[in-house]
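Chemist: coordinates only, sequence not included:
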């Protein structure tokens with residue numbers, strides 16, 4: 001089982017940028033398809049982005065497309081989420097997720113992912 005630890009969250013003004021990191025231990029991220037989810041207060045956890053272990057295919061929620069970029073560095077055993085042009089509605093706890101199944105563009109529900117980090121808070125002020 002892989003252990004995931006997110007970092008990089010914080011407070012940023014609207015229009016600003018943040019880079020979230022997800023460091024893995026116990027297993028290498030090269031063995032997993034990886035994803036980012038977020039949960040705002042009073043809302044369900046929602047899919048943000050995912051990246052496959054083969055080919056590095058990326059998938060994004062429509063709400064973050066063209067603003068967020070998911071990437072992975074297998075040598076550093078880390079997955080990143082670069083967030084640009086942040087909006088107040090991006091405020092949420094962001095979670096890193098991993099699964100050994102081969103995911104696809106339809107694998108956007110949290111049930112597809114078996115391993116989760118503890119989350120990192122992102123707050124965007126207007």
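Modeler: Arrived safely, thanks for sending. Fair warning: this is a prediction, and the values are worked out from it, not measured in the lab.
Chemist: Now residue 52: closest residue in space that isn't a chain neighbour?
Modeler: Distances taken as CB to CB, 6 or more residues apart in numbering place residue 33 nearest to residue 52, at 5.1 Å, with adjacent residues excluded. (Each C-beta comes from the backbone N, C-alpha and C, glycine too.)
Chemist: Report the contact partners of that neighbour.
Modeler: 50-53, 98-103, 107 (CB atoms under 8 Å, 6 or more residues apart in numbering).
Chemist: out of the residues you listed, who's nearest residue 61?
Modeler: residue 50 (9.7 Å; CB to CB).
Chemist: quick revisit: and the residue nearest to residue 52, what are its bridge partners?
Modeler: residue 99 (DSSP bridges).
Chemist: if I look at it, how far off is residue 86?
Modeler: Going from residue 33 to residue 86 by CB to CB, to the nearest Å gives 25 Å.
Chemist: how about the residue positioned nearest the centre of the chain, secondary structure?
Modeler: Nearest to the geometric centre of the chain sits residue 36, at 2.1 Å (CA atoms, centre = their mean). Secondary structure state of residue 36, per DSSP: H, G, I helix; E, B strand; the rest coil, is strand.
Chemist: if I pick it, what's in contact with it?
Modeler: So residue 36 contacts 20, 22, 48-50, 70, 79, 81, 94-97 (CB under 8 Å, 6+ apart).
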